[in-house]
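Colleague: Below is the structure, and that's it, no one-letter string:
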């Protein structure tokens, strides 16, 4: 089995879930569901939790009607009784632990047992190293049977990901499509949802991708748009372009999209500015809610050059009191890491290493690690121009950030390959995405597209990943 190992620093995570409304209650004798009125309250956590080694204290307070005493039955078999439902419990295990706590409530004769669902507490040692493991023995094609080529060409939007119902939003060619099926391995239908329209900022390319949803289920997808330069070509005979970032909104669960009449983020330089290269503008966007959902973070590639390389920048938006994003008022990141409404050229937050560009970001907030995780590409043009036959530094990388703004942790490489098609005959792997497949976001799939050469087109593949403790 071939695996690539990524060492990730995981800070403290504390998450509790009370699933008492679910139907799979813990089987016990003499359960009287009609009398169940059990409330589990997480009162608080000691300030020093955990104590630097995975230990610490958590406080519960439980109530139930007609109850004389409670039992807290821990996943390790330990039983703690309480007459008033109050419990102070200290974790002493070091490292990563998962605590399952079953709460039982008894009446005076002890015959009726009121049972709540499992409360799970995840405790992470802030000094613990984790690995993100990619298992290439389980790599499989995604949507290759649907007649599309040149996809995914920007980020991927997950409209739905449930058992027997998967719906993805992505780009193929110069247009946007929705792929549907019973699983990621078995996508069976495709429908076109957006096409270029003349005399717009997306006259030559409209690529809907990563998305967020508000409380009403409205979908907001950011898209990469292009107006092409007729005389310029980028490496691999790709048309020269001026990129902008648009917003697509869907009110019908992702079946159709209203495209914004103007770019979501204003380019600092106009299409008439000649930067001396085939690419210009802002593109390849990624969007995610902040950890507390009070803001929306937008990440993108700054192709404007003019004293810079081609690297990753960001803007942000507030979320209104009705929980809808306020996309009318962008904030730009200045050199001192402050956001301003003034239209400035946002600071680069991830810069390529050495003779390299940082491109194609996909950012998510990961609840398991309590960090923002970015997968992106390092396009090391230096090694290509020096005549290297095979890449060494180029490839797909990952970084993490505690706040989504500062990306100071060292990058780790996941895949070694050319990051763009330097010629018609060169192989390449690009446009990485992470899809989480479990509730705590400790596992999922890395999606990316690749090809042995541009002539065969590029198509999407999936590789299983797990975040595991070393």
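Modeller: On my side now, so go ahead. Nothing here was measured: the structure is a model prediction, and the numbers come from that model. Numbers count the residues shown, from 1 in each chain.

Colleague: tell me, what residue is most central in the chain?
Modeller: residue 364 (2.5 Å; C-alpha atoms, centre = their mean).

Colleague: I figured it hits residue 372, correct?
Modeller: Yes - look at residue 364 against residue 372 with C-beta atoms under 8 Å: they come within range, at 7.1 Å. Where C-beta positions appear, they are placed from N, C-alpha and C, glycine not excepted.

Colleague: any residues in contact with both of those two?
Modeller: residue 288 (C-beta atoms under 8 Å, 6 or more residues apart in numbering).

Colleague: Identify the residues contacting stretch 397-414?
Modeller: Here stretch 397-414 has contacts from 4, 6-9, 11, 132, 134, 288, 290-291, 297, 314, 333, 337, 349-350, 353, 363, 365-366, 369-378, 395-396, 432, 446, using C-beta under 8 Å, 6+ apart.

Colleague: Those, buried ones only, as a ChimeraX selection?
Modeller: To isolate the buried members of these in ChimeraX, using 16 or more other C-beta atoms under 10 Å:
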select :4,6,8,132,134,288,290,291,297,314,333,349,350,363,365,366,369,370,371,372,373,374,375,376,377,378,395,396,432,446
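
Colleague: Just the contacts of stretch 397-414: which are in helices?
Modeller: Secondary structure from DSSP state H places none of the contacts of stretch 397-414 in helices.

Colleague: Strands of the stretch 151-300 of the chain, start to end?
Modeller: Here the stretch 151-300 of the chain has its strands, by DSSP state E, counting those that start in this stretch, at 157-162, 165-172, 175-183, 186-194, 205-213, 219-234, 238-250, 258-259, 279-289, 295-302.

Colleague: export the ones you listed to CSV and tack on mean pLDDT?
Modeller: Below are the strands of the stretch 151-300 of the chain laid out as CSV (pLDDT from 0 to 100):
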stretch, mean pLDDT
strand 157-162, 97
strand 165-172, 98
strand 175-183, 98
strand 186-194, 98
strand 205-213, 98
strand 219-234, 93
strand 238-250, 96
strand 258-259, 98
strand 279-289, 97
strand 295-302, 98
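
Colleague: Now render those strands as a markdown table, adding distance to residue 327.
Modeller: Output for those, formatted as a markdown table (distance: least, C-beta to C-beta, whole Å):
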| stretch | distance to residue 327 |
| --- | --- |
| strand 157-162 | 16 |
| strand 165-172 | 18 |
| strand 175-183 | 19 |
| strand 186-194 | 17 |
| strand 205-213 | 11 |
| strand 219-234 | 7 |
| strand 238-250 | 6 |
| strand 258-259 | 12 |
| strand 279-289 | 10 |
| strand 295-302 | 8 |
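
Colleague: of all the ones you listed, which lies closest to residue 386?
Modeller: Closest to residue 386 of the strands of the stretch 151-300 of the chain is strand 219-234 (C-beta to C-beta; 19.7 Å).

Colleague: elements contacting that closest one?
Modeller: Secondary-structure packing of strand 219-234 (3 or more C-beta pairs under 8 Å, 6 or more residues apart in numbering; DSSP states H and E): strand 157-162, strand 205-213, strand 238-250, strand 279-289.

Colleague: any low-confidence regions in this protein?
Modeller: 1-78, 87-131, 469-470 (pLDDT under 70).

Colleague: OK, contacts around the residue nearest to residue 197 when sequence neighbours are not counted?
Modeller: Leaving aside its sequence neighbours, residue 197 sits nearest to residue 203 (C-beta to C-beta, 6 or more residues apart in numbering; 6.5 Å). Listed by C-beta under 8 Å, 6+ apart, the contact set of residue 203 reads 196, 197, 227.

Colleague: ok, those residues vs residue 323, which is closest?
Modeller: Among these, residue 197 lies closest to residue 323 (C-beta to C-beta), at 30.8 Å.

Colleague: and that closest one, how many neighbours?
Modeller: Using other C-beta atoms under 10 Å as the criterion, residue 197 is surrounded by 12 other residues.

Colleague: That one and residue 208: what is the separation?
Modeller: Distance from residue 197 to residue 208, counting by C-beta to C-beta, to the nearest Å: 14 Å.

Colleague: number of nearby residues for the spatially closest residue to residue 206 that is not a sequence neighbour?
Modeller: Of all residues not flanking residue 206 in the chain, residue 194 sits nearest, at 4.9 Å (C-beta to C-beta, 6+ apart). Burial measure for residue 194: 24 neighbouring residues, criterion other C-beta under 10 Å.

Colleague: I'd say residue 194 and residue 208 touch.
Modeller: Yes - between residue 194 and residue 208 there is a contact at 5.6 Å, judged by C-beta under 8 Å.

Colleague: Common neighbours of these two, please.
Modeller: Common neighbours of residue 194 and residue 208 (C-beta under 8 Å, 6+ apart) are 176, 223, 248, 257.

Colleague: CSV please, covering the residues you listed and showing distance to residue 416 and neighbour count.
Modeller: CSV is the format used below for the shared contacts of residue 194 and residue 208 (distance: C-beta to C-beta, whole Å; neighbours: other C-beta atoms under 10 Å):
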residue, distance to residue 416, neighbour count
176, 30, 30
223, 29, 30
248, 34, 27
257, 36, 25
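
Colleague: and these as a markdown table, adding distance to residue 425?
Modeller: Formatted as a markdown table, the shared contacts of residue 194 and residue 208 follow (distance: C-beta to C-beta, whole Å):
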| residue | distance to residue 425 |
| --- | --- |
| 176 | 29 |
| 223 | 30 |
| 248 | 35 |
| 257 | 36 |
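
Colleague: which residues touch residue 238?
Modeller: Going by C-beta under 8 Å, 6+ apart, residue 238 touches 278, 421.

Colleague: tell me how far the ends of stretch 147-157 are from each other?
Modeller: For stretch 147-157, the first and last residues are 19 Å from each other (C-alpha to C-alpha, to the nearest Å).

Colleague: Okay, buried residues for that stretch please.
Modeller: In terms of neighbour count (16+ other C-beta under 10 Å), stretch 147-157 has its buried residues at 148, 151, 152, 153, 154, 155, 156, 157.
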